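**Student:** I would like to see how this sequence folds:
(one chain, ligands or ions: 1)
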Amino acid sequence: DTSIRAFTYELLRKYGMTTMFGNPGSNELPFLKNFPSDFRYILGLQEGVVMGMADGYALASGQPTLVNLHAAAGTGNAMGALTNAYYSQSPLVVTAGQQARNLMGVEAMLTNVDAAQLPLPLVKWSFEPAEASDVPRAMSQAIHEATLPTPGPTYLSIPYSDWDEETDANMDHLLQRTVEVGAGPHPDQLKDWADVLAQADNPLLVLGPEVDAQRANSDAVELANALGAPVWVAPSESRCPFPTNHPAFRGVLPISIREIHEHLEGHDVILVAGAPVFRYHKNLPGDYLPAGARVLHITGDPRQAARAPFGEALVTSVKQGLAGLVDALNLSGRALPEPVPQTELSPDPPGAMHPENLFHLLNRLAPDNVSYVKEATATKEAFWSQIHMTQPNSYFFPAAGGLGFGLPAAVGVQLAMPERRVVAAIGDGSANYGITALWSAAQYQVPVIFVILKNGTYGALRGFASLLGAEDSPGLDVPDLDFCAIAKGYGVEAGAAHNAETFEYLFQQAMAQNNRPFLIEVSTTF
Ligand code: TPP
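**Tutor:** This is a model prediction of the structure:
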């Protein structure tokens, strides 16, 4: 087979991209025909779910991941999910089928007009090849653009008439290409910072998602140990960059300028690694920093460095930056701060669990190497105060706060890490944005344990409503949802828990299934 299609599959093989996520239409069928048997196609029933599953897969595997969408309508459905993928620096290669070239001009049905414009500004690179012979090179570029620093989604619109065209000899070079990234920071660049940190009276580390993405968690531990410094997770956390049972671990920084300032008080040198300074959310103005505090900022993302309103930035690989600082520091290790005391738990009322108690129990029941996907927005503190996470890839939360990530991403994470069990802790509001992922979990035998926290309300919005003086807003409650019935409709076994005993029983039942998902609807307090 000397078609562009066969060549493109060969190229995808070269990059290990043999699992793809999609939802097809007529424009995409010519790409999917003769689908090779060593490839796996994961069907999502709606494109937001397709993108969410692919995002989870790409984040957990760290590998470029192919998404195949249906023209403009499919792309549009996926764009909410693309906000998360863009901010989580997820290496997604998003393709969309285009009408046949000869029908694009007359705007036949399913023509994706100005296709390359459509997903902007939520992709790093967007392109429609000018002729069929450029499709393989464009695919190669899309893969490299997605994975090179700073990683992120790319978009390729491909007219379906291109797939049956013939390859030529020049394309073979693509199969031989390599693209590598040069060495990390020069030791001289780190020496000054190492001295500043070593001489600091009260240094502080703030770590972000790039640390986890680059598996630099243990480098961060070494740095914290050497400095004896407390460690916070950077605000609007989307991953867990540091073991939460380490004595230096403090928790997640709050999301406003004023509150972050308060948390930084007393620290003279603050090293922020792998996160923007800072990703705020709530609008409580104030001074960014305590007087005299110095912020050293390591990020792999030049735009984060450029955008920051304060700090001294070094744009480099976060892993190499942290490891280089450990080497340059040459400290034998200082006393670590006292661990944060455990929060007191209070008894559950009849018929529902406090989120803290639920997470406490979950932490006891789940295997040590469990990976959590979380999308229950009002329970952030409850979760981080109770759950222990010690390995990379243990936590994923929508990086742009776009709901509809959690349920599908859990399926993708579980597909990427079959050796670890994924628990998805999802709010009863959030679950509906990506609910059809239950079907994919059942069909592809993906054993995610979905825990739906049913509090009957958009809890996080209630908090914002009081902050913004909008308590009387309509549309803040979600009563009368039966997730067990919904789950059964999509082919997923389910049970409802109103107390700890039933939850424990159901969780053990779920853990006993190795190739089937399970959903637990648990009534929670708000
Ligand atoms: N639509 C999308 C796509 N994303 C959003 N973030 C919102 C709407 C606004 N939003 C933020 S939090 C939230 C909503 C609707 C409530 C989520 O409720 P739930 O999942 O039940 O979690 P809880 O806050 O109750 O813990």
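**Student:** Find the closest residue to the ligand in the stretch 101-250 of the chain.
**Tutor:** Closest contact between the stretch 101-250 of the chain and the ligand, by C-beta to the nearest ligand atom, is at S236 (11.8 Å). Glycine gets a C-beta too; all of them are placed from N, C-alpha and C.
**Student:** The chain too?
**Tutor:** Residue of the chain nearest the ligand, by C-beta to the nearest ligand atom: G427 (2.1 Å).
**Student:** What sits closest to that residue if chain neighbours are left out?
**Tutor:** Closest residue to G427 apart from its sequence neighbours, by C-beta to C-beta, 6 or more residues apart in numbering: A376 at 3.7 Å.
**Student:** ok, that neighbour touching S430?
**Tutor:** Yes: the criterion here is C-beta atoms under 8 Å, and A376 meets it with S430 at 6.5 Å.
**Student:** which one of these two has more residues nearby?
**Tutor:** Neighbour count, other C-beta atoms under 10 Å: between A376 and S430, A376 has more, with 29 against 26.
**Student:** Show me which helix runs longest in the protein.
**Tutor:** helix 71-87 (DSSP state H).
**Student:** any bit of that helix sitting next to the ligand?
**Tutor:** Yes: using C-beta under 6 Å from any ligand atom, helix 71-87 reaches the ligand at G80.
**Student:** Give the buried residues for that helix.
**Tutor:** Residues of helix 71-87 classed as buried by neighbour count (16 or more other C-beta atoms under 10 Å): 71-72, 74-87.
**Student:** returning to that earlier point: and the residue of the chain closest to the ligand, bridged to which residues?
**Tutor:** For G427, the beta-bridge partners under DSSP bridges are L453.
**Student:** for A497, same thing?
**Tutor:** V522.
**Student:** In contact with the residue of the chain closest to the ligand: list those residues for me.
**Tutor:** Taking C-beta atoms under 8 Å, 6 or more residues apart in numbering as the contact definition, G427 lies against 375-379, 452-453, 455, 459.
**Student:** Distance check, it against L407.
**Tutor:** According to C-beta to C-beta, to the nearest Å, G427 stands 10 Å off from L407.
**Student:** Mind listing the shared neighbours of those two?
**Tutor:** Taking C-beta under 8 Å, 6+ apart as the criterion, G427 and L407 both touch E375.
**Student:** quick one on the thing from earlier: tell me how far the residue of the chain closest to the ligand lies from Q342.
**Tutor:** According to C-beta to C-beta, G427 and Q342 sit 25 Å apart.
**Student:** Also P392?
**Tutor:** For P392 relative to Q342 (C-beta to C-beta), the value is 25 Å.
**Student:** quick one, which of the two is more surrounded?
**Tutor:** Neighbour tally, P392 and Q342, criterion other C-beta under 10 Å: the higher count belongs to P392, 21 against 9.
**Student:** roughly how far apart are the more buried one and N514?
**Tutor:** Applying C-beta to C-beta, the value for P392 to N514 is 23 Å.
**Student:** what do you get for L358?
**Tutor:** Counting by C-beta to C-beta, the gap between L358 and N514 amounts to 24 Å.
**Student:** The two: which is more packed in?
**Tutor:** Each of L358 and N514 has its neighbours counted (other C-beta under 10 Å); L358 has more, 28 against 9.
**Student:** Which element, helix or strand, includes that one?
**Tutor:** L358 belongs to helix 355-365 when assigned by DSSP states H and E.
**Student:** got it, and G495?
**Tutor:** According to DSSP H and E, G495 maps onto strand 493-497.
**Student:** That strand versus helix 355-365: what angle between them?
**Tutor:** Put simply, strand 493-497 runs at 130 degrees to helix 355-365, going by axes from the mean of the first three to the mean of the last three C-alpha atoms, to 10 degrees.
**Student:** mind checking how far strand 493-497 is from the chain centre?
**Tutor:** Counting by C-alpha atoms, centre = their mean, to the nearest Å, strand 493-497 is centred 27 Å from the centre of its parent chain.
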